[in-house]
Every structure is written in C-alpha cells, then in structure tokens.
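Engineer: Quick one, fold the following:
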Amino acid sequence: MSWAKVLIVDNETKFQRTVYTFLRMYDYTVLSAFNSTEGLAMVHKEHPDIILIDVALPHKDGNAMFRELQRDTSTHGIPVILLYEKGQAGNQSQQDSTDYVFKSGRLVDLEKKIRSVLNTSVYKKTAGYVEEV
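Structural biologist: Predicted coordinates:
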C-alpha cells in the first residue's frame, strides 16, 4: 500500500522516469506531468500529497505554477518542493515553497526531503501522516 501520492511536474522524460522508479521502491504513488498546464489539471484531478515542480518548465515556469497553486484555496495547502539545476538563476531562499532541491542531487536525499516535508507537524495534522518507525 502506498503511503503518499507524489506529483512530478518536469518536462525531462529521463528525470521523470528515474525519480518515478526510485520513489516507487519506497512505496509512493507517483504521478507525472510534463508542463504546468498538465500539472495543474493533475493536481485538481488526483489531489497529490506533495508536488515536485521543475522551475525551468517551458511556457509557464515552475515559479508561476507554484504561485497559481498558492492563490487557489483548494490547493494552497499542498506542500511543494521546487526543483533547480545547479547554477540556475534565482534565489531559492526567497521562495515561499515548502522546500527546494537540486535535480543533480542524490535521489535518496530527495526521498528524505519528501518524507520530512510530509512528516511536518502542520502537514500531519491536515493529512494524517505519521512518521514510520
């Protein structure tokens, strides 16, 4: 049984496949979207527990998608982790997202970050998650 539903919004197929395969090993349900339009539709249809968004999406970038999620009362409480490339322009510390990671980092660190975000006390109260022992 899956313990959390993760939506990955990234236009890089190889990155999506790699993350999908890795997170499935940890019993996550993993959903994919290749742009912000697909991602927003998927959020409303599937109600993921957490969203990973590449900031460098074409057309409407990840920051714009994040802001749209925050304005919508039905989605503003969903934790978001923004995905950056090393050396990418932008100031990650000024984002209002739950957290951020570099796409070139270790997958095990990404999974730990997801688990940590999902186990925060604020999110646990609304979603009912408990940390695995």
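
Engineer: Pull the number of nearby residues for H44.
Structural biologist: Neighbours of H44 under the rule other C-beta atoms under 10 Å: 10. From N, CA and C alone the C-beta is placed, and that goes for glycine too.

Engineer: Oh, that last question was meant for V108, not what I typed.
Structural biologist: By other C-beta under 10 Å, the residues close to V108 number 10.

Engineer: Next, work out how far apart the one residue sitting closest to the centre of the chain and R24 are.
Structural biologist: By C-alpha atoms, centre = their mean, the chain has its centre lying nearest to L52, at 1.8 Å. To R24, L52 is 14 Å away according to C-beta to C-beta, to the nearest Å.

Engineer: And V55, how far from L82?
Structural biologist: 5 Å.

Engineer: which residues do those two both contact?
Structural biologist: 62-63 (C-beta atoms under 8 Å, 6 or more residues apart in numbering).

Engineer: Tell me where the protein has helices.
Structural biologist: For the chain, the helices defined by DSSP state H cover 13-25, 36-46, 62-71, 107-118, 121-127.

Engineer: can these go into CSV with extra columns for distance to K5?
Structural biologist: Below are the helices of the chain laid out as CSV (distance: least, C-beta to C-beta, whole Å):
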stretch, distance to K5
helix 13-25, 10
helix 36-46, 7
helix 62-71, 15
helix 107-118, 10
helix 121-127, 10
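
Engineer: Can you get me a residue count around T18?
Structural biologist: 13.

Engineer: quick one: contacts for S104?
Structural biologist: Residues in contact with S104 (C-beta under 8 Å, 6+ apart) are 85-86.

Engineer: picking that back up, with V101 as the reference, name the closest of the helices of the chain.
Structural biologist: helix 107-118 (5.6 Å; C-beta to C-beta).

Engineer: Would you mind putting the CA coordinates of that closest one into PDB?
Structural biologist: This file holds the C-alpha atoms of helix 107-118, laid out as PDB (Å, rounded to 0.1, in the frame of the first residue of the first chain):
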ATOM      1  CA  LEU A 107      17.700  10.500  -5.100                       C
ATOM      2  CA  VAL A 108      17.900   9.200  -1.600                       C
ATOM      3  CA  ASP A 109      18.200  12.800  -0.400                       C
ATOM      4  CA  LEU A 110      15.200  13.800  -2.400                       C
ATOM      5  CA  GLU A 111      13.200  10.900  -0.800                       C
ATOM      6  CA  LYS A 112      14.300  12.000   2.700                       C
ATOM      7  CA  LYS A 113      13.200  15.600   1.900                       C
ATOM      8  CA  ILE A 114       9.800  14.400   0.700                       C
ATOM      9  CA  ARG A 115       9.400  12.300   3.800                       C
ATOM     10  CA  SER A 116      10.500  15.200   6.000                       C
ATOM     11  CA  VAL A 117       8.000  17.600   4.400                       C
ATOM     12  CA  LEU A 118       5.200  15.100   4.700                       C
END
